[in-house]
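give me the fold of what follows.
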Amino acid sequence: MRSRINWFGVAGGAGLIALVAVSVFVPWWQLRVGDSVVAANVSPIYTNFDLIGNSFTVPLVFAINLSCILLSVAGGVVMLLYSVMPTKPYAKRLLGFSYRTPLLFIIVFVIGLFVLTFLIQALFSFSVPIVGSTVIQLPQYMMPEGMNVSVQLSADFLWPFYLAVASAVLCIVARVYHGRLTPLSSPAVVSAPSASTVVPPA
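Next up, the predicted model:
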């Protein structure tokens, strides 16, 4: 019997593992202040901040990133395992865990960005763009008396974010395609009694 492989799952699982590797070096979203004097490099995998050429991380954020790395790698490996044996009795459980992983990361990440920008606006009275650039004037309480300072903020989603979206789509398609690899069993056929059956007299 020819072995069945869910190639969408193979691509999605490989993409998820590759996403972990590249996200350590390239963020999903970046916020720059001025000519990149200050920058926030944000992703579920690795988040750091640049300040005049010096890079640093926040321990709590790093712990969250580490948890996301472990979950991403586990999701990618489990998706690959499922994809090469999708007809096994336990395959659907593997698929149920792994296909949700990249989609969950994207949803939480995007919601987190909107919450972050909302909090910054509420606390510091200036808005931060999700995508694009804007010029803001720093509040007076942050500056010496009589001084007005304006800075440019620029924000963009970088290509690993789109790799995450592609991986999520592939994993969802793998879930949909799973039905073709494991068709429903045909209903049992109950044989009718033969016409030649002899019925004894009463």
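
only C-alpha atoms from now on, for both contacts and neighbour counts.
Fine.

for the biggest helix by length in the chain, which helices and strands make contact with it?
Counting by DSSP state H, the longest helix found in the chain is helix 59-84. Where contact means 3 or more CA pairs under 8 Å, 6 or more residues apart in numbering; DSSP states H and E, helix 59-84 is packed against helix 7-23, helix 91-98, helix 101-124.

let's see that with 6 Å instead.
helix 7-23, helix 91-98 (3 or more CA pairs under 6 Å, 6 or more residues apart in numbering; DSSP states H and E).

which strands or helices does the first one pack on?
Contacts of helix 7-23 with other secondary structure elements, assessed using 3+ CA pairs under 6 Å, 6+ apart, are made with helix 59-84, helix 159-181.

so what strands line up beside the helix or strand following that helix?
For helix 7-23, the succeeding helix or strand toward the C-terminus, using DSSP states H and E, is strand 29-33. Using DSSP bridges, the strands paired with strand 29-33 are strand 38-42 (antiparallel), strand 150-157 (antiparallel).

what angle sits between strand 29-33 and helix 159-181?
With axes from the mean of the first three to the mean of the last three CA atoms, to 10 degrees applied, the angle from strand 29-33 to helix 159-181 works out at 170 degrees.

quick one: low-confidence parts of this structure?
Scanning the chain for pLDDT under 70 picks out 1-3, 36, 138-146, 182-202.

could you redo the last one with a cut-off of 50?
1-2, 184-192, 195-196, 202 (pLDDT under 50).

against residue 124, how distant is residue 46?
25 Å (CA to CA, to the nearest Å).

pick out whichever of these two has more residues nearby.
The neighbour comparison of residue 46 against residue 124 (other CA atoms under 10 Å) goes to residue 46, with 24 against 12.

can you pull the contacts of residue 79?
Residues near residue 79 by CA atoms under 6 Å, 6 or more residues apart in numbering: 13, 98.

dump the helices and strands packed on helix 7-23 into CSV; add distance to residue 39 as well.
As requested, the helices and strands packed on helix 7-23 are exported to CSV (distance: least, CA to CA, whole Å):
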stretch, distance to residue 39
helix 59-84, 16
helix 159-181, 17
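
wait, which of these is closest to residue 152?
Nearest of the helices and strands packed on helix 7-23 to residue 152, taken as CA to CA: helix 159-181 at 22.5 Å.

could you name the helices and strands sitting against the closest one?
Checking 3+ CA pairs under 6 Å, 6+ apart, helix 159-181 ends up next to helix 7-23.

and the helix it packs on with helix 91-98, angle?
Counting by the same axes, to 10 degrees, helix 7-23 lies at 30 degrees to helix 91-98.

tally of neighbours for the residue nearest to residue 161 when sequence neighbours are not counted?
Excluding its sequence neighbours, the residue lying closest to residue 161 (CA to CA, 6 or more residues apart in numbering) is residue 28, at 4.6 Å. Residues near residue 28, counting by other CA under 10 Å, number 26.
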